[in-house]
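Asks: sequence first, predicted model second:
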Amino acid sequence: MTSQRTRERLAKRLQDNGIEDAQVLDVIRKTPRHIFVDEALASRAYEDTALPIGHGQTISQPYIVARMTEALLADGPRKKVLEIGTGSGYQTAVLAQLIDQVFSVERIQALQTKARARLREMRLSNVKYKYDDGTLGWPEHASYDGIIVTAAPKSIPDQLLMQLAIGGRMLIPAGDDGGQVLRLITRDNKGYEEKILDGVQFVPLLDGVN
Ligand code: SAH
């Protein structure tokens, strides 16, 4: 049910669906997704779907996690990444295995506490957590050469754009419930560029803390 074979099958499926980065596929293969959901859902942890994690939130679909991570790393390795929406911590765990330093912000404290314990269990110690409204980013540690946002704002928060380093890449879903799209924002010394990747469905990015 949670065996290596099941994980292998998930990685294969993501590959069939277009994920090419071998490093990303390898990390998906190694990450025990079943510890990121409640025990009652553990048998479904290696299906390629989002699943409920309580508080009206979901663990992201593995394909989306892989797609965003692959797009983040497409132009070379990233050293310092800001993640908005820790949730279950699954995307955080994937990032922590590929990036030197991860900074993760979550507005529901109970989710963050559980996520932190799971990453500790996996001995991933290169992650710093903050309980706050991620719309504001985490200015104390800025700038970031990567930013991943795992909940959808209606439009891209200025604070996040400001905290993206020159040469940095940001993956962010944006739009309202009817039509969200995943965007890749890159920044160079002249300004920002935006590329639209896929149509997606994320929970909304909410203001303030819970
Ligand atoms: N990557 C996570 C996805 C969780 S769903 C996973 O795979 O488990 C999105 C998360 O974003 C939720 O936990 C939600 O509480 C959080 N979120 C929504 N708005 C936020 C905000 N303004 N700041 C920080 N986190 C936010």
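Replies: Thanks, I have it.

Asks: per-residue pLDDT, the spatially most central residue of the chain?
Replies: The centroid of the chain falls nearest to Q91 when counting by C-alpha atoms, centre = their mean (4.1 Å). For Q91, the model assigns a pLDDT of 98.

Asks: near the ligand, which residues of the protein?
Replies: 57-60, 84-85, 87-88, 90-91, 105-108, 111, 133-135, 150-151, 203, 205-206 (C-beta under 6 Å from any ligand atom). Any C-beta I mention is one placed from the backbone N, CA and C, and that applies to glycine too.

Asks: out of these, which sit inside strands?
Replies: Residues of the residues of the chain next to the ligand located in strands (DSSP state E): 57-59, 84, 105-106.

Asks: would you mark the buried spots in stretch 200-210?
Replies: 200, 202-203, 205-206 (16 or more other C-beta atoms under 10 Å).

Asks: from the ones in strands among the residues of the chain next to the ligand, pick the one nearest H141.
Replies: The closest of those to H141 turns out to be V105 (C-beta to C-beta; 10.5 Å).

Asks: my read: the closest one touches V81, true?
Replies: No: in this structure, V105 is not within contact of V81 by C-beta atoms under 8 Å, at 11.7 Å.

Asks: looking at those two, which is more packed in?
Replies: Between V105 and V81, counted using other C-beta atoms under 10 Å, the more crowded position is V81 (27 against 22).

Asks: which strand residues bridge the more buried one?
Replies: Beta-bridge partners of V81, counted by DSSP bridges, are V102, G146.

Asks: I'd assumed V94 was in contact with it.
Replies: No: the criterion here is C-beta under 8 Å, and V81 misses it with V94 at 10.9 Å.

Asks: for the protein, what spans make up the strands?
Replies: When secondary structure is read from DSSP E, the chain shows strands at 51-54, 57-59, 80-84, 101-106, 127-131, 144-149, 164-174, 180-188, 191-200.
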